[in-house]
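In: have a look at this prediction, sequence included:
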Amino acid sequence: MDDEMITNRVKEALGSKMVFFVGAGISRDSGVPTFSELNEEVIRSIGGRELKEEECRLLSRDIRLRPEVVLQIGTEELGSGVVESLEMALGYSPNYNHIFLAEALRQGNWVFTTNFDNLIERACQQRGIRFKGCYRDDPRASHFRGFIQKYRLGRKPDFTNVEGGYLFKLHGTIEEEKQGKERFRTILVALNQVGRGLDKPKEQVLKYFLENYDFCFMGYSCQDDFSVFPVLLNIESKKRAFWFDYTKGSISELLWDKGKLQVQKEEELSKPPPERNWKIINVNSFLLSRDQAFKFIGNSSEYVRNRLCPLIGIASDIPIAEESTGSYDTFKRWAENIEGYKRGIFIGRLFEHIGHWDKAELYYKEALYIAEQRKNKEQLVTVKQRLADLYYRQDIWEKENKASQIYEGCIPIYESLGDDFKAADVKVDIANVKRRQGDYQGSKEWAEKAQRQLQQIYESIRDKEGEEYGKYKLGYARCLNVLGLAQLRGSEEELEKGLEHCQESRRIKDSEGDKSGVAESENAIALLLTAQGRQLLKENPELAARKFYEAIDHLEKAIDIRIRFGFYRGCAQHRRNIGDAYRELMTIEKEKEDFFQKAEANYKDGIYLWNFIKPKGPVGEILHYNQRLARLYADFVGIMSEKEERKKYNLEIISIYGNKILSDPEILQELKANNRELETARNVLERTKRSCEEMDLPAEVEEIGRLFEKLADQNMR
């Protein structure tokens, strides 16, 4: 498609009201630091001499460490002074992108941006354009709530009555007229929401426009998996979407065929996770959800200047200054004074966030050494808990044992500091480790100890509101959830009690707006319902089936929440648990093959979602999911009479162990350390061997023998 045809498409869209959604790319030509440049300067300034050059580059260029994530971790560990780094976005001049958007606002269109800078506002001021800013979102004065109320978005909105000329800044703005840290207050409010998705008012406003208007995206990477992208992904609309995908050179290509967009997405998903282009995957996923979608490839800034600006009467020879007249000395001076302990924690958290466990451990241990030398109890227990959390997250048996030992060592320190809440919260962590390792009695004992302490705290503040009380309420809710799960191997009465705990946990989390926590409780409720179904299998299969179906409903609710916020790890776990429920239904319902296929699809989806995690999912989980799939095949072989079907799935089992589990050094190491997984592998292979012997398949029996030899080698200590 030639340049003229592309322009005609855009001109047609500009003839009606539309919404522009813009990101950091539109400010590139003004000289404003890109996200990676901003990250590199922040990380380099705070990391100081302790951070090696290659480590700085690794952190600053990882797409998971978006600036808002780095700033959130910085404010949590170092204080609000870290936002002074945003001085780097001040002092620049608007370019043609900002001028074009200012004129679009004049003509009654709307603009959403994830940018902190004020260049669109400055372009409006220079051209005498009045606009309505919408960026504040705190309980006392929320522009977004005001917009919702004004235009009745929660009821039946009047589409003809929604005024144009609004500039929506989803991550806050730099209020240059204010002094010091007050300039960044709206950004600090937005940082508190990082990792939990857009807050409700912002999401509601964005959803309204996505559903009802054409959108044009410029300079936006679509890689904020925990913020805007989940909202884009979950809105289907008959309205059009125009997406400018920046590359060097003139706009030379237009993709509008959904088949091509799908193929392009699938090509990326077929690559190993570290090699995937997540921008293509995310952008195409969104475009495929729109009724009509157009993806323009080339230099969008050049195109805006030379083709779009003339369409609305903007000259293409306006001088643009690219150098900043501002400075960020305040931030540099602040960063120079950060002491080594805090530096170590900050850098460790960055590496933990991107899954570089060894480097995170190294920096945490450096901080631990400093705390030990100082004999500072508060610092000591903080970094110890960070280390324990790091070990727990890796989902490796030996690491979990380390985590449990460290957690136990934290309890007396918190008690000596008089922090009963933290002491009890660590007991919940221990209970969770015990449960994951199959020690349900130990899990129950630790969770009950924690509950007795946390319940007293909860009862004293349950009717109070405010962020300072929310952490205590959610801490108690988390304890109830773990206590409920600790009943999974219990009696009928204990399972019922576990359900009560998890339902109360869900109620508290929902009232506190903890959607991720709600999904955790939905998952826990489903696991308990599945356990109830298993107890009923022999004496009341009909009631057992109802329990399994009910569990699946709760898990689907959990998945809906997880997908909305981009929490793919949780989605993977829920898919596995749905697979378990269908596997049980396969044994009691008539449509055995149908339920087998549903179980298989969910297990495979779970493995796929682990692969969606960047750069790769935890080794323990990959092992566990593949074993679930192998066990499903063994169960299916046991109930099928058709010889070819039985042979097919025996071969699948052999393939899983030969090509995925026993051929991967990391998975082998985890299998060696985890006796429960090792016993599962032996059991499945023994069943498969007997089946192959009954079917007279000598080659397959011989291959299983070789797999047993590998298992025996891995069991040697």
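Out: All right, it came through fine. Numbering: from 1, shown residues only.
In: how about the helices in the stretch 501-650 of the chain?
Out: With helices called from DSSP state H, counting those that start in this stretch, the stretch 501-650 of the chain shows them at 515-536, 541-565, 568-588, 592-612, 619-639, 643-655.
In: redo those helices as TSV? Include mean neighbour count and mean pLDDT.
Out: Every C-beta, even on glycine, is put in place using the N, C-alpha and C of the backbone. Shown next, in TSV, are these (neighbours: other Cβ atoms under 10 Å; pLDDT from 0 to 100):
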stretch	mean neighbour count	mean pLDDT
helix 515-536	23	95
helix 541-565	19	90
helix 568-588	23	90
helix 592-612	19	85
helix 619-639	21	90
helix 643-655	17	94
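In: partner strands of the host helix or strand of residue 112 and their direction?
Out: Assigned by DSSP states H and E, residue 112 belongs to strand 110-113. As defined by DSSP bridges, the strand partners of strand 110-113 come to strand 18-22 (parallel), strand 166-169 (parallel).
In: redo the ones you listed as CSV? Include distance to residue 216, mean neighbour count and mean pLDDT.
Out: Putting the strands paired with strand 110-113 into CSV (distance: least, Cβ to Cβ, whole Å; neighbours: other Cβ atoms under 10 Å; pLDDT from 0 to 100) gives the following:
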stretch, distance to residue 216, mean neighbour count, mean pLDDT
strand 18-22, 5, 23, 94
strand 166-169, 14, 22, 95
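In: hmm, who's touching the strand holding residue 112?
Out: Defining contact as Cβ atoms under 8 Å, 6 or more residues apart in numbering, one finds that strand 110-113 is touched by 17, 19-23, 101, 104-105, 120, 164-170, 206, 209, 213.
In: can you check stretch 379-394 too?
Out: By Cβ under 8 Å, 6+ apart, stretch 379-394 touches 341, 344-345, 348-349, 352, 357, 360-361, 364-365, 367-368, 370-372, 399-400, 402-404, 406-407, 409-410, 413-414, 417, 422, 426, 429, 432-433, 618-620.
In: average pLDDT across that stretch?
Out: Stretch 379-394 shows a mean pLDDT of 95.
In: and it, C-alpha only, in PDB?
Out: Extracted C-alpha coordinates of stretch 379-394, given in PDB (Å, rounded to 0.1, in the frame of the first residue of the first chain):
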ATOM      1  CA  GLN A 379      18.000  -4.000  58.800                       C
ATOM      2  CA  LEU A 380      19.000  -7.500  59.600                       C
ATOM      3  CA  VAL A 381      15.500  -9.000  59.700                       C
ATOM      4  CA  THR A 382      14.400  -7.000  56.700                       C
ATOM      5  CA  VAL A 383      17.200  -8.400  54.400                       C
ATOM      6  CA  LYS A 384      16.800 -11.900  55.900                       C
ATOM      7  CA  GLN A 385      13.100 -11.900  54.900                       C
ATOM      8  CA  ARG A 386      14.000 -10.600  51.400                       C
ATOM      9  CA  LEU A 387      16.400 -13.500  51.000                       C
ATOM     10  CA  ALA A 388      13.800 -16.000  52.300                       C
ATOM     11  CA  ASP A 389      11.200 -14.600  49.900                       C
ATOM     12  CA  LEU A 390      13.700 -14.900  47.000                       C
ATOM     13  CA  TYR A 391      14.400 -18.600  47.800                       C
ATOM     14  CA  TYR A 392      10.700 -19.300  48.100                       C
ATOM     15  CA  ARG A 393       9.800 -17.700  44.800                       C
ATOM     16  CA  GLN A 394      12.300 -20.000  42.900                       C
END
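In: any buried residues in it, and which?
Out: For stretch 379-394, a neighbour-count test (16 or more other Cβ atoms under 10 Å) marks 379-388, 390-394 as buried.
In: quick revisit: and the contacts of stretch 379-394, which of them are in strands?
Out: Among those, no residue falls in strands (DSSP state E).
In: quick check: PyMOL command selecting the buried ones in those.
Out: Paste this into PyMOL to select the buried members of these, with burial taken from 16+ other Cβ under 10 Å:
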select buried, resi 341+344+345+348+349+352+357+360+361+364+367+368+370+371+399+400+402+403+404+406+407+410+413+414+422+426+429+432+433+618+619+620
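In: all helices of the stretch 251-400 of the chain, in order?
Out: Ranges of helices in the stretch 251-400 of the chain, per DSSP H, counting those that start in this stretch, are 258-269, 278-288, 300-303, 309-311, 329-336, 340-353, 357-374, 377-393, 397-416.
In: of those helices, which is nearest residue 188?
Out: helix 329-336 (14.6 Å; Cβ to Cβ).
In: elements contacting the closest one?
Out: Judged by 3 or more Cβ pairs under 8 Å, 6 or more residues apart in numbering; DSSP states H and E, helix 329-336 is in contact with helix 35-47.
In: and the angle from the helix it packs on to helix 329-336?
Out: Helix 35-47 runs at 50 degrees relative to helix 329-336, counting by axes from the mean of the first three to the mean of the last three Cα atoms, to 10 degrees.
In: now residue 630: how far from residue 271?
Out: 25 Å (Cβ to Cβ, to the nearest Å).
In: quick check: residue 251 vs residue 20, distance?
Out: Using Cβ to Cβ, we find residue 251 at a distance of 17 Å from residue 20.
In: then residue 198?
Out: 18 Å.
In: please apply the same query to residue 150.
Out: To residue 20, residue 150 is 21 Å away according to Cβ to Cβ.
In: just to revisit the earlier point, next structured bit after the strand holding residue 112?
Out: Using DSSP H and E, the next helix or strand after strand 110-113 towards the C-terminus is helix 119-126.
In: who touches that next one?
Out: Against helix 119-126 from outside (Cβ under 8 Å, 6+ apart): 22, 27, 30, 32, 92-95, 98-99, 101-102, 105, 111, 113, 129-131, 133, 167.
In: sec struct for residue 215, please.
Out: Three-state assignment for residue 215 (DSSP: H, G, I helix; E, B strand; the rest coil): strand.
In: need the contact list for it.
Out: By Cβ under 8 Å, 6+ apart, residue 215 lies in contact with 18-21, 209, 239-242.
In: shaky segments in the stretch 351-500 of the chain?
Out: Applying pLDDT under 70 to the stretch 351-500 of the chain picks out residues 467.
In: and the end-to-end length of stretch 206-221?
Out: For stretch 206-221, the first-to-last residue distance is 17 Å (Cα to Cα, to the nearest Å).
In: read off the pLDDT value for residue 323.
Out: Confidence at residue 323, expressed as pLDDT, is 54.
In: oops, could you answer that again for residue 154 instead?
Out: 64.
In: give me the domain ranges for the protein.
Out: Per automatic domain parsing, the structural domains of the chain span 3-27+89-311, 631-717.
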